[in-house]
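1. generate coordinates for the sequence data below:
(one chain, ligands or ions: 2)
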Amino acid sequence: MASVTLKGIYKKYAGGVTAVSDFNLDIEDKEFIILVGPSGCGKSTTLRMIAGLEEISEGELYIGDRLVNDIAPKDRDIAMVFQNYALYPHMTVFDNMAFGLKLRKTPKDEIKRRVDEAARILDITHLLDRKPKALSGGQRQRVALGRAIVREPQVFLLDEPLSNLDAKLRAQMRTELSKLHLRLGTTFIYVTHDQTEAMTMGTRIVVMKDGFIQQVDTPQNLYSKP
Ligand code: ADP
Ligand code: ADP
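-> Ligands and ions are numbered 1, 2, ... in the order given. As a prediction, this is how the structure comes out:
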């Protein structure tokens with residue numbers, strides 16, 4: 001069970017900004033949901049609330065049938081991929097990918113199995129001994145994905161993961177992310193301001209504006225309407 005349900009969610013930041021208002025959405029198991037909209041419309045805040053990195057001011061958040069409002073990020077069965085990759089510069093690719101599992105006291109042979117498998121999926125096996133500074137932007141992005149994959153989460157949260165890549169690599173990674181979604185069979189919740197990404201990858205697109213949901217629809221319906 002890896003549906004995600006948001007019921008009447010609000011986020012009011014200290015200082016008075018209401019970043020998200022009355023957000024209602026049922027995300028089904030295995031969906032690739034895209035949150036799209038202009039800068040400042042509340043996409044990131046929504047994702048961070050699902051991740052547990054931001055407190056929910058009002059409303060209910062369920063992952064599967066579990067109410068997770070007060071559940072710590074590490075206990076939510078989610079993994080998040082950040083725009084800036086957030087790799088540890090002093091660690092090898094292997095150790096970067098293994099780090100979260102080590103924290104969770106996963107047995108060593110299990111860590112190795114998962115890192116090797118993720119590396120194979122992402123085609124970065126030959127990079128496992130390198131440090132991040134010896135990687136290209138695209139390779140770093142793969143390592144960041146790998147670090148999330150090894151956790152084997154029910155839900156993947158991705159915050160503009162391709163925005164630091166050049167156009168050619170972005171196009172390539174769009175295809176790879178779609179394949180990865182199918183291969184892993186998990187729910188993806190993906191934030192972007194890029195319409196091409198929304199159109200080509202999403203099963204459904206949530207258009208946000210000023211903290212509100214404006215529209216929810218399939219790419220086909222959304223972009224064929226005038
Ligand atoms: P988006 O991801 O769509 O660009 P954000 O969720 O980052 O939008 O921001 C939504 C609104 O909340 C913006 O007005 C932003 O300035 C505000 N905001 C974001 N983070 C904070 C914060 N930590 N404190 C106060 N206001 C914030
Ligand atoms: P998580 O287990 O939450 O996915 P990681 O396994 O990547 O996160 O890292 C575990 C801990 O290290 C978390 O508390 C996270 O906030 C922190 N962390 C992750 N990346 C960085 C970073 N680049 N610099 C400093 N701390 C980080």
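
2. list the contacts of the least confident helix or strand in the chain by mean pLDDT.
-> When each helix and strand of the chain is scored by mean pLDDT, DSSP states H and E, helix 219-224 comes last, with a mean of 86. Contacts to helix 219-224, defined as CB atoms under 8 Å, 6 or more residues apart in numbering, come from residues Gln195, Ala198, Met199, Thr200, Gly202, Arg204, Ile205, Val207, Gln215. No exception for glycine: its C-beta is placed from N, CA and C like everyone else's.

3. make it 10 Å
-> Outside helix 219-224, the residues within contact range by CB atoms under 10 Å, 6 or more residues apart in numbering are 34, 36, 195, 198-207, 215-218.

4. ok, for Ala86, nearest residue in space, not its chain neighbours?
-> Ala144 (7.0 Å; CB to CB, 6 or more residues apart in numbering).

5. would you confirm that the one you found belongs to a helix?
-> Yes. Applying DSSP: H, G, I helix; E, B strand; the rest coil, one finds Ala144 inside a helix.

6. pretty sure it sits against Tyr88.
-> No. Counting by CB atoms under 10 Å, Ala144 does not reach Tyr88; the two are 11.2 Å apart.

7. higher neighbour count, those two?
-> A side-by-side neighbour count of Ala144 and Tyr88, using other CB atoms under 10 Å, places Ala144 first with 24 against 12.

8. output the set of residues of this structure in proximity to ligand 2.
-> Pro73, Lys74, Ala79, Ala86, Tyr88, Phe99, Gly100, Leu103, Arg147 (CB under 6 Å from any ligand atom).
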